[in-house]
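Colleague: Here is the input, now give the coordinates:
(one chain, ligands or ions: 1)
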Amino acid sequence: MDYLEFKIKCLEQFREILIAELSMIGFNSFLETEEGIDAYTLESDFDRTAFDEVMDQYKVDAEITLEEGIMPKVNWNEEWEKNYDPIAVDDLVYVRASFHPSKPEFKHEIVINPKMSFGTGHHATTFQMLRNQGQIDHQGKRVLDVGSGTGILAVMAHLLGASEVEAFDIDDWCVDNGNENFDLNGLTTRMELGTIREVNPKGEFDIVLANINKNVLLDEMNIYGDLLKNDGFLLLSGFYTQDIEDLNECATPLGLELIAQQSKDNWAALILQKKA
Ligand SMILES: C[S@@+](CC[C@H](N)C(=O)[O-])C[C@H]1O[C@@H](n2cnc3c(N)ncnc32)[C@H](O)[C@@H]1O
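Modeller: This next block holds a predicted model:
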């Protein structure tokens, strides 16, 4: 898959609207730069007419100048080999890429080819989510993974014996990558695209996993609570240690009781349990 790259110089106050307009015509990644934005789209998704229309509309007011190119083909395996070492979470699980040798001495092993998605176990949030999953009985349980990224937590749930795992993410690059990782780890479930409101998961879950960010978690906490069975577990991360209180204040009135908390590199992770 080739990605097209557009380096768009523009006035600062037009960045946001240009990102919104380009998102609507299929661009899926943006980098804000000193001079404007770099925008990326899959070559196969690119609609030249729609793009030219957006540029024409804002060209004068936003003082746009444009440079267009194809993102150099990346040899992902080489990139990963340079940047991605395997990682062990305690003695629970060994996370590696497909080009790393296996380590049979670990109880569980996850193979993640992360491409551009978040979730290799190196970040303190993912690491602690995996560790907390290891504390919870997943055997025969129904698990929901919100903001699944590479799919690493969904894979962990599967390895820990979950009978059903549902996963979704708002980023379609993650969905493609997540499904590749599900294939690599023997999960037949498919990652879906969207927010929890759009995906609208059905039925109740024993475990809900959500490593996203403070604002999304606060906004969606009542939905997680509604989706949980009584005594079910909600595992959260993606926020700083100083935000634990805010998260807990939002969770408590929903009947979600904080039963464990930890921090690593100032990133927090919580285990909450739904009480009847
Ligand atoms: C911090 S990463 C976590 C990825 C993985 N679950 C892990 O633990 O490593 C957060 C993920 O949530 C996704 N995301 C952000 N907002 C979201 C939302 N409202 N609903 C679903 N996914 C969201 C992002 O695209 C990203 O892949």
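Colleague: domains for the chain, by residue range?
Modeller: Domain ranges of the chain: 3-70, 117-274, per automatic domain parsing.
Colleague: so which of the ones you listed is the most packed in?
Modeller: Sort the domains of the chain by mean neighbour count, taking mean count of other CB atoms under 10 Å, and domain 117-274 sits at the top with a mean of 20. C-beta coordinates here come from the backbone N, C-alpha and C atoms, glycine included.
Colleague: So which bits of the stretch 1-150 of the chain are right by the ligand?
Modeller: Counting by CB under 6 Å from any ligand atom, the residues of the stretch 1-150 of the chain close to the ligand are 118-119, 125-126, 129, 146-149.
Colleague: At which residues are the helices of the stretch 1-150 of the chain located?
Modeller: 15-24, 48-58, 76-83, 124-133 (DSSP state H, counting those that start in this stretch).
Colleague: Now tabulate the ones you listed in JSON lines and tack on mean pLDDT and distance to Ser98.
Modeller: Listed next are these as JSON lines, based on pLDDT from 0 to 100; distance: least, CB to CB, whole Å:
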{"stretch": "helix 15-24", "mean pLDDT": "88", "distance to Ser98": "31"}
{"stretch": "helix 48-58", "mean pLDDT": "95", "distance to Ser98": "35"}
{"stretch": "helix 76-83", "mean pLDDT": "59", "distance to Ser98": "8"}
{"stretch": "helix 124-133", "mean pLDDT": "96", "distance to Ser98": "18"}
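Colleague: Could you give the bridge partners of Leu258?
Modeller: Beta-bridge pairing for Leu258 (DSSP bridges): Leu272.
Colleague: give the contact list for it.
Modeller: Applying CB atoms under 8 Å, 6 or more residues apart in numbering to Leu258 gives the contacts 248, 251-252, 270-272.
Colleague: On the pLDDT front, check it for me.
Modeller: Here, the pLDDT recorded for Leu258 equals 98.
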